[in-house]
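S.K.: The amino acid sequence is not available; the structure is as follows:
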C-alpha cells in the first residue's frame, strides 16, 4: 500500500491522505477471477495495490447504457495510453463516479493474485 499511497496521495495534505485511507476497503482476488463484468452494477473505484488486472471494453457497444456509450471513447483513450493490463498504482472502475445507473462499462479480471483497494462513490461524494 505504501508504494501506491506515495504514487497518488503524496501531494495531498496528511489529513486528506488519512481520510481517503480510512475510507478504503480491501479486496483480495485469486488469479483469473472476475472482479466485475460489463453490465454489472457497481459503485466502487478500484486501486491496485498488488498484482495485475486485465480491463477490457466490449466489442459491441450496444450492450452499454447511454452513459457508457458516451464514456466509451474516454475509456478507449485510457487503454491506448496504459494498455489493457493494469498494475499497482493504476485504478479502474472510475466511470461509476459520473454514472447515474452504476452500470459497469468494462470487464475486469485478475490476471494474477491481486490486492485491491476500493473506495465507493458515496465516500468520494462526502
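M.R.: Right, received. Where do you want to start? Only a predicted model underlies this, so the values are computations on that prediction, with no experimental measurement involved.

S.K.: quick one: the helices in the chain?
M.R.: 2-8, 14-23, 66-82, 121-125 (DSSP state H).

S.K.: Go through those and name the closest to residue 104.
M.R.: With respect to residue 104, and counting by CB to CB, the nearest of the helices of the chain is helix 66-82 at 8.3 Å. To be clear about C-beta, it is placed using only N, CA and C from the backbone, and glycine gets the same treatment.

S.K.: in the closest one, what counts as buried?
M.R.: Going by neighbour count (16 or more other CB atoms under 10 Å), the buried part of helix 66-82 is 67, 68, 71, 72, 75, 78, 79.

S.K.: and if you look at stretch 12-19?
M.R.: Using 16+ other CB under 10 Å as the test for burial, stretch 12-19 gives residue 17.

S.K.: where does it sit relative to the chain's centre, distance-wise?
M.R.: In terms of CA atoms, centre = their mean, to the nearest Å, the centre of stretch 12-19 is found 21 Å from the chain centre.

S.K.: cool, and stretch 91-102?
M.R.: Relative to its chain's centre, stretch 91-102 lies at 8 Å (CA atoms, centre = their mean).

S.K.: May I have the distance across it, first residue to last?
M.R.: End-to-end span of stretch 91-102 (CA to CA, to the nearest Å): 17 Å.

S.K.: Can you name the residues in contact with that stretch?
M.R.: Residues outside stretch 91-102 that contact it (CB atoms under 8 Å, 6 or more residues apart in numbering) are 8, 36, 41-48, 53, 55, 65, 67-68, 71, 75, 86, 104-106, 108, 121, 124.
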